[in-house]
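Asker: Output the structure for:
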Amino acid sequence: MSVEKVIMVAREEFLRKQVAQYLRKKRIDVAECGTIQEAHDFLGKGNFDLMLLDESLPDGSGAEFLVEVNLRPAKPMVVMMGAEGSVDIAVQCMRDGAFDYLIKPFSNEQIEIILHKTEQFAQVLNVNQFLTHQESEDPESEILGEAEATKQMRKLIRRVAQTDATVLIQGENGTGKELVARAMHRNSTRKDGPFIMLNCAALPENLVESELFGHEKGSFTGATNKREGRFELAHGGTIFLDE
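Answerer: Below is the predicted model:
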């Protein structure tokens, strides 16, 4: 896979122009954004292979936006950009799913290395997804056991997966409710869509509505950006509400 579409999100206009000019010379389509809201708008219009994301933007934290981007079903690989000395932020960004971290200022050669690493990683990811898909066609690949109750559960999963019903999965902690939910998703007509999981027990009560249904910018104090809810992110797929 080659990198064809890049979204550049940086507060400094000169940096956006410099990187965009270099990428366009390589026949790469570039969207330039100076704010998180602009990035939201572009992501709503189409998919990107790579995002270069500033850790600090005029309307919010790039590091927090990274977490939101990684919840998207068709997410780009994200490379964070920050000032030298932001070691703690860089480490946290990598833990939150950033593909790499660039210290500003950086050269065109460093951009070239990022492009090469992105293409290599995408190839490995595609092969891994193909193999995982092959191994996961049947719920039995993860739900093991030969007891009669287990066999009946596997049959029930296959049957229920073909419906559009809302399913209540009951069981004690550690009994495999998430495995059952994923097996239903993989065996359903929605298997090519996203599987979105949310641990409701970990959410403060005042954030539940916003997390599930999203919010518009300015809809309440602290809503500095538009945010898509988990139900919207799960469109065309499956949402699993844990606990």
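Asker: What residue, apart from its backbone neighbours, is nearest K226 spatially?
Answerer: K217 (4.8 Å; CB to CB, 6 or more residues apart in numbering). (Each C-beta comes from the backbone N, C-alpha and C, glycine too.)
Asker: And for that neighbour, the neighbour number?
Answerer: Counted with other CB atoms under 10 Å, residues neighbouring K217 total 14.
Asker: what does A181 give?
Answerer: 20.
Asker: quick revisit: looks like the residue nearest to K226 contacts E38 (just checking).
Answerer: No - assessed by CB atoms under 8 Å, K217 is found out of contact with E38, at 11.8 Å.
Asker: where does E119 sit relative to M81, distance-wise?
Answerer: E119 sits 19 Å away from M81, going by CB to CB, to the nearest Å.
Asker: ok, the two, which is more surrounded?
Answerer: Neighbour tally, E119 and M81, criterion other CB under 10 Å: the higher count belongs to M81, 26 against 15.
Asker: Run through the bridge partners of the more buried one.
Answerer: Taking DSSP bridges, one finds D54, L102 as the beta-bridge partners of M81.
Asker: dump the residue contacts of it.
Answerer: A10, L52, L53, D54, E55, G62, Y101, L102, I103, K104, F106 (CB atoms under 8 Å, 6 or more residues apart in numbering).
Asker: shaky segments in this structure?
Answerer: Scanning the chain for pLDDT under 70 picks out 1, 85-86, 125-142, 221-223.
Asker: most remote residue from it's center?
Answerer: In the chain, the residue that sits farthest from the middle, by CA atoms, centre = their mean, is E148; the gap is 37.9 Å.
Asker: Can you tell me how far it is from R95?
Answerer: Taking CB to CB, one finds E148 at 43 Å from R95.
Asker: ok, now L43?
Answerer: For L43, the distance to R95 - CB to CB - is 22 Å.
Asker: Give me the more crowded residue out of the two.
Answerer: Set L43 next to R95 and count neighbours by other CB under 10 Å: L43 wins out with 22 against 8.
Asker: so where do the strands sit in the protein?
Answerer: 5-9, 29-33, 50-54, 56-57, 60-61, 77-83, 100-104, 195-199, 214-215, 227-228, 238-242 (DSSP state E).
Asker: among those, which is the most enclosed?
Answerer: Most buried of those by mean neighbour count (mean count of other CB atoms under 10 Å) is strand 50-54; its value is a mean of 26.
Asker: what number of residues lie near the nearest residue to G176 once chain neighbours are set aside?
Answerer: Spatial nearest neighbour of G176, excluding adjacent residues (CB to CB, 6+ apart): I143 at 6.9 Å. Neighbours of I143 under the rule other CB under 10 Å: 17.
Asker: Could you measure from the residue nearest to K226 over to L52?
Answerer: From K217 to L52 the distance is 23 Å (CB to CB).
Asker: For the residue farthest from the centre of the chain, list the residues it contacts.
Answerer: With CB under 8 Å, 6+ apart, E148 has no contacts at all.
Asker: Renumber starting at 39 from here on
Answerer: Right, with 39 as the first residue, what we last looked at is E186.
Asker: if I look at it, how far off is R196?
Answerer: From E186 to R196 the distance is 16 Å (CB to CB).
Asker: now do M235
Answerer: 21 Å.
Asker: which residue is nearest the middle of this protein?
Answerer: Among the residues of the chain, the one closest to the centroid is N108, at 2.5 Å (CA atoms, centre = their mean).
Asker: Ignoring the adjacent residues along the chain, who's closest to it?
Answerer: G135 (4.2 Å).
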